[in-house]
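**Q** Just the structure for this:
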Amino acid sequence: MSVVLLLTRILLALVFFVAGLAKLADRPGSHQALRDFGMPARLAHPFGVLLPLAELAVAVALVPSLSAWWGTLGALVLLLLFVGGIGYNLAHGRTPDCHCFGQLHSAPAGWPTLIRNLILAAIAASVVGLGPYYADPNVLGWFGTLTVVQRIELCGAVLVLALLATESWLLLQVLGQQGRLLLRIEELEGRIAATGAVQAVRAATATGLPVGTPAPTLSLPGLHREVITLDSLRASGKPVLLLFSDPGCGPCTALLPEVGRWQREYAGKVTLALISRDSVEANRTKASKHGITQVLLQEDREIATAYQAYGTPSAVLIRADGSIGSPLAQGAEAIRVLVAQAVGLPALRSLPSTAPTNGNTLPLASNGHAASQPAALKVGEPVPTFSLPDLTGQTVNLSDFRGHKTLVLFWNPGCGFCQRMLHDLKAWEAKPPTGAPKLLVVSTGTSEANQAMGLRSPIALDKEGMSVGSRLGANGTPMAVLIDAEGKIASEVAAGAQAVLALAGVGQDQGQVPIN
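**A** Numbering: from 1, shown residues only. Model (predicted):
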């Protein structure tokens, strides 16, 4: 048993020795880690030095038998403090970077980190409890009893093990780096191909099909399996407005209440049909909620492609004679203008709102005037607090993030532009820059879809679409705004991957990605 206790002490000494040296070598990262765990900034700097010194002192005390018991007790105390800090943050839905071994190994603290520290604490507790009852050999004394040949063999074995461990670690790093490079290359190839295709299409026709050309025919099923054709939509002799949407598109969802209102109020002037995709169930709930009729379902995007509508939401007007009557309107604001023109009303623009909403933008009023709304939040103004459920149903409050810079990222798992920046966002989570803000993702969609993305940061579900986003000035995804430690707006709203990552502290050029 005494040999087991000796080996246990050596293990604990190695762990604390490496952890202490690594933290001292990366003091800024250690200071930031303590702040992320909730320690006040004025204490983070001194404790950022005292903690690694304490770990080194424990490592040294574990070697001589005279101080081994006290060293093990110190190790147990430190491990219990680590367990308490990690457990507290996990209970509040936070996963700060543990920075356990400095730049050698740094990852967000999660359940594996908690379990690892619990196991080490249990080992230390066993040594504390059993140490007094067994002869506790001194490491140096035991080494002195060995013959010269045994000492050489032991040193050689230790050297070989150290070399094997170093080689294994380097191999894992190289393989991991190679894997990340391959993924990055695949992503860049996909971006180049996609960008090239989009640019080629836009170069050929920047505004959809030319005005005056015959509108492509269509025949699609509705929500009740009925077949709807372009001829049946034109049968009333009115112009037809085709609005291309997607159930996973946040701005599309925000526009749906207006679509239902337009269909009811302007039915005598224009026939408005919503062309969507995905399943009947994915569309029926939203359509029923807002009283939308004439919902046509594509298999994928075949009709949108025929009309050269490569984004959502977008819309085009078809004249009563079946010809294209307008350039392609892309985005909610352009669609409002197109609807206003189609029904003979002035072109209106929506105004940003800070009042609690369900994510809707300003609808067209029947008298052609827009209702006034409060001005958008400005830098330096306090942010209205909000509460949303996370992926497990627990409540996430913005006030939980007071005391830290926080980047609120508005997200949609069905948004193609969000998916494109997902790799960069995960890389940022794995190794955030020094001084990077904490991240709170406010997302739409289901818990399953959001969980499948594999993000480590807290994700709050906005089940009403863009209700929180509209209050903070965001009307699409991916968009983000920075909030300072006092709960005040610290930046303008950033739109697109490059601007969002810049707010997160990423300095290198990531390439501008448009919003969906």
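
**Q** contacting residues for the spatially most distant residue from the centre of the chain?
**A** Taking CA atoms, centre = their mean, the residue of the chain most remote from its mean C-alpha position is residue 147, at 59.5 Å. By CB atoms under 8 Å, 6 or more residues apart in numbering, no residues touch residue 147. All C-beta atoms are positioned from the backbone trio N, CA, C, and that covers glycine.

**Q** In the stretch 251-400 of the chain, what residue spans correspond to helices?
**A** Counting by DSSP state H, counting those that start in this stretch, the stretch 251-400 of the chain has helices at residues 280-289, 302-306, 332-343.

**Q** Give me whichever of these is most buried.
**A** Ranked by mean neighbour count, the helices of the stretch 251-400 of the chain are led by helix 332-343 with a mean of 20 (mean count of other CB atoms under 10 Å).

**Q** Dump the helices of the stretch 251-400 of the chain to TSV, plus mean pLDDT and distance to residue 211.
**A** Output for these, formatted as TSV (pLDDT from 0 to 100; distance: least, CB to CB, whole Å):
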stretch	mean pLDDT	distance to residue 211
helix 280-289	88	29
helix 302-306	91	16
helix 332-343	87	12
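
**Q** Output those helices as JSON lines; include the columns distance to residue 68.
**A** Shown next, in JSON lines, are the helices of the stretch 251-400 of the chain (distance: least, CB to CB, whole Å):
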{"stretch": "helix 280-289", "distance to residue 68": "64"}
{"stretch": "helix 302-306", "distance to residue 68": "72"}
{"stretch": "helix 332-343", "distance to residue 68": "69"}
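
**Q** Residue 451: which of the ones you listed is closest?
**A** helix 280-289 (18.2 Å; CB to CB).

**Q** same for the closest one, what does it pack against?
**A** helix 250-265, strand 295-297 (3 or more CB pairs under 8 Å, 6 or more residues apart in numbering; DSSP states H and E).

**Q** Alpha carbons only: can I get that helix in PDB?
**A** Extracted C-alpha coordinates of helix 280-289, given in PDB (Å, rounded to 0.1, in the frame of the first residue of the first chain):
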ATOM      1  CA  VAL A 280     -46.700  20.600 -44.600                       C
ATOM      2  CA  GLU A 281     -46.400  20.500 -40.800                       C
ATOM      3  CA  ALA A 282     -43.500  23.000 -40.800                       C
ATOM      4  CA  ASN A 283     -45.600  25.500 -42.700                       C
ATOM      5  CA  ARG A 284     -49.200  24.900 -41.600                       C
ATOM      6  CA  THR A 285     -48.700  26.100 -38.000                       C
ATOM      7  CA  LYS A 286     -47.100  29.400 -39.000                       C
ATOM      8  CA  ALA A 287     -49.700  30.000 -41.800                       C
ATOM      9  CA  SER A 288     -52.600  29.200 -39.500                       C
ATOM     10  CA  LYS A 289     -51.300  31.500 -36.700                       C
END
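
**Q** Other residues contacting that helix?
**A** 223, 225, 247, 253, 256, 274, 276, 292-293, 295, 297.

**Q** next one: stretch 445-457
**A** Here stretch 445-457 makes contact (CB under 8 Å, 6+ apart) with 95, 108, 110, 248, 391-392, 411-414, 422, 425-426, 429, 438-441, 443, 459, 461.

**Q** ends of it, how far apart?
**A** Taking CA to CA, to the nearest Å, stretch 445-457 runs 17 Å from one end to the other.

**Q** can you check stretch 459-479 too?
**A** Note: stretch 459-479 ends 15 Å apart using CA to CA.

**Q** Could you do stretch 220-227 as well?
**A** From its first residue to its last, stretch 220-227 covers 6 Å (CA to CA).

**Q** List the buried residues for that stretch?
**A** Using 16 or more other CB atoms under 10 Å as the test for burial, stretch 220-227 gives 220, 222-223.

**Q** Looking at the residues you listed, which is nearest residue 42?
**A** Nearest to residue 42 among the buried residues of stretch 220-227, with distances taken as CB to CB, is residue 223, at 60.1 Å.

**Q** got the contact list for the closest one?
**A** Residues counted as contacts of residue 223 (CB under 8 Å, 6+ apart) are 280, 283-284, 287, 295, 297.

**Q** Put the alpha carbons of the strand or helix carrying residue 242 into PDB.
**A** For residue 242, the host element (DSSP states H and E) is strand 240-244. Output in PDB follows, covering the C-alpha atoms of strand 240-244 (Å, rounded to 0.1, in the frame of the first residue of the first chain):
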ATOM      1  CA  VAL A 240     -50.200  38.000 -58.700                       C
ATOM      2  CA  LEU A 241     -47.400  38.600 -56.200                       C
ATOM      3  CA  LEU A 242     -45.200  35.600 -55.500                       C
ATOM      4  CA  LEU A 243     -43.400  35.800 -52.200                       C
ATOM      5  CA  PHE A 244     -40.600  33.200 -51.700                       C
END
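
**Q** neighbouring contacts of it?
**A** 230, 233-234, 259, 270-276, 303-304, 307, 309, 312-318, 335, 338-339, 342.

**Q** measure residue 329 to residue 297 for me?
**A** Between residue 329 and residue 297 the distance, using CB to CB, to the nearest Å, works out to 21 Å.

**Q** Tell me which of those two has more neighbours.
**A** Per other CB atoms under 10 Å, whichever of residue 329 and residue 297 has more neighbours is residue 329, with 25 against 20.

**Q** Show the model's pLDDT score for the residue farthest from the centre of the chain.
**A** You'll see residue 147 listed with a pLDDT of 73.

**Q** try residue 242
**A** 96.

**Q** Mind listing the residues bridging to it?
**A** Residues in a beta bridge with residue 242, per DSSP bridges, are residue 273, residue 316.

**Q** list the contacts for residue 381?
**A** Taking CB under 8 Å, 6+ apart, one finds 488-489 in contact with residue 381.

**Q** Go again with 6 Å.
**A** residue 489 (CB atoms under 6 Å, 6 or more residues apart in numbering).

**Q** Backbone dihedrals for it, please?
**A** Dihedral angles phi and psi of residue 381 (degrees, to the nearest 10) take the values phi -80, psi 150.

**Q** ok, now residue 38?
**A** phi 110, psi 0.

**Q** So for stretch 403-418, mean pLDDT?
**A** On average, stretch 403-418 scores 86.

**Q** from memory residue 411 sits against residue 443, does it?
**A** Yes. Here residue 411 reaches residue 443: they are 4.1 Å apart, a contact under CB atoms under 6 Å.

**Q** Domain ranges for the chain, per the record?
**A** With domains defined by automatic domain parsing, the chain comprises 2-145, 219-343, 387-503.

**Q** Tabulate those domains (JSON lines), appending distance to residue 208.
**A** Putting the domains of the chain into JSON lines (distance: least, CB to CB, whole Å) gives the following:
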{"stretch": "domain 2-145", "distance to residue 208": "44"}
{"stretch": "domain 219-343", "distance to residue 208": "3"}
{"stretch": "domain 387-503", "distance to residue 208": "19"}
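
**Q** returning to that earlier point: just the closest of the contacts of residue 223 to residue 467, please.
**A** Using CB to CB, the shortest approach to residue 467 within these belongs to residue 287, at 19.4 Å.

**Q** The residue lying closest to residue 339 once chain neighbours are set aside - how many residues pack around it?
**A** With CB to CB, 6 or more residues apart in numbering as the criterion, residue 339 has its nearest non-adjacent residue at 5.7 Å, and that residue is residue 262. Per other CB under 10 Å, the neighbour tally for residue 262 reads 25.

**Q** mind checking how far residue 262 is from residue 244?
**A** Separation of residue 262 from residue 244 (CB to CB): 15 Å.

**Q** try residue 265
**A** 21 Å.

**Q** So which of the two has more stuff around it?
**A** Shown here are residue 265 and residue 244; by other CB under 10 Å, residue 244 has more neighbours (27 against 14).

**Q** At which residues are the strands of the stretch 401-516 of the chain located?
**A** 406-411, 438-443, 459-461, 479-483, 494-495 (DSSP state E, counting those that start in this stretch).
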